[in-house]
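**Student:** Predicted model and sequence follow; I will ask about them next.
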Amino acid sequence: MIHFVLLISRQGKARLTRFYSPYGNKEKTRIVREASNLILSRPAKLCNFVEWKNYKIVYRRYASLYFMFGVDQDDNELITLEVIHSFVEILDAYFGNVCELDLIFHFHKAFYILDELIIAGEHQETSKQLVLRTLREQDAQADAANTESKPLSLF
């Protein structure tokens, strides 16, 4: 089971956090701080898994962001790395060469993509094309709602 997903910049700022297990606000803050300090201090040549407390943190660095998943000790690390890579590929396909600013200014879309992939801490959708099609349909519905709700101009 995936307990948390963290996207952390190289400077240690949390860009996206999603928790799938119940934690209090103080514990969430502590998890983000301790996990990010642990991962950011690791040399690049080390493997992408680290055991931390009762979890295994599986992470991967893409450009200036670290994608970290906190999973159970007995979960398969390679499958988790594939989920991370799938998430990044969908972000890249949707935003077109995704960057950190895309995640900052369009965080609601990043959360929606993550929610399409992972439900209740379990990987649910494996088809990237299906997730992208769902995103395009959602965008089309939002555009249709925006054009219908615009007031008529008198001039």
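**Tutor:** Yes, it's here. Numbers count the residues shown, from 1 in each chain.

**Student:** Contacts only, for the residue nearest the centre of the chain.
**Tutor:** Centroid check for the chain by C-alpha atoms, centre = their mean gives Leu114 as the closest residue, at 5.4 Å. Listed by C-beta atoms under 8 Å, 6 or more residues apart in numbering, the contact set of Leu114 reads 5, 16, 18, 87. Any C-beta I mention is one placed from the backbone N, CA and C, and that applies to glycine too.

**Student:** rerun at 7 Å
**Tutor:** Counting by C-beta atoms under 7 Å, 6 or more residues apart in numbering, Leu114 touches 5, 18, 87.

**Student:** Quickly find the element holding it.
**Tutor:** Assigned by DSSP states H and E, Leu114 belongs to helix 107-117.

**Student:** Then Asp75?
**Tutor:** Using DSSP H and E, Asp75 sits within no helix or strand.

**Student:** With the one 5 residues further on instead?
**Tutor:** Secondary structure here is read from DSSP H and E; on that basis Thr80 sits in helix 77-95.

**Student:** Grab the longest helix from this structure for me.
**Tutor:** As assigned by DSSP state H, the longest helix anywhere in the chain is helix 128-149.

**Student:** Just give me how far that helix sits from the chain centre.
**Tutor:** On the basis of C-alpha atoms, centre = their mean, to the nearest Å, helix 128-149 sits 20 Å off its chain's mean C-alpha point.
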